[in-house]
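Participant: Provide a 3D model corresponding to the input given below.
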Amino acid sequence: GHAPHEAPLDAPATMSRLARGVGRATELVMRRGAGSRVETACGQSMLDFTCGIGVTNTGHCHPRVVEAAQAQCGKLIHGQVNIGWHEPMLE
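Facilitator: Residues are numbered from 1 along each chain as shown. The predicted structure follows:
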């Protein structure tokens, strides 16, 4: 088995195919989030002290946010705002 901090995959081979971005603080693989907690692929649950912009106020997977996202994805996923307006933006 893997230690809680290890990725259950061939991390070097996988990472060689991904964009590096600005850096990586850990090699944790996140499986899911709920509220203020995240769960790794190895089943470790922890507080998410680094929550992203969209998570800060509502927590991971807030039911109303999930419902709104699902409804919007059925209409328009990415409305490029410098090309034209879209209804949710105007609301």
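Participant: For the rest of this, base every contact and every neighbour count on C-alpha atoms.
Facilitator: OK.
Participant: what about stretch 69-85, average pLDDT?
Facilitator: For stretch 69-85, mean pLDDT rounds to 83.
Participant: swap that for stretch 50-60, sorry
Facilitator: The model assigns stretch 50-60 a mean pLDDT of 73.
Participant: Quick one: end-to-end distance for it.
Facilitator: 12 Å (CA to CA, to the nearest Å).
Participant: So which residues of the chain form strands?
Facilitator: 30-34, 37-40, 45-47 (DSSP state E).
Participant: Turn these into TSV, columns for mean pLDDT, distance to residue 84 and mean neighbour count.
Facilitator: Compiled in TSV, those are given as follows (pLDDT from 0 to 100; distance: least, CA to CA, whole Å; neighbours: other CA atoms under 10 Å):
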stretch	mean pLDDT	distance to residue 84	mean neighbour count
strand 30-34	90	33	16
strand 37-40	91	36	18
strand 45-47	92	39	14
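Participant: Residue 58 is nearest to which of those strands?
Facilitator: Residue 58 lies closest to strand 30-34 among those, at 9.8 Å (CA to CA).
Participant: end-to-end on stretch 69-88?
Facilitator: Rule used - CA to CA; the end-to-end distance of stretch 69-88 is 11 Å.
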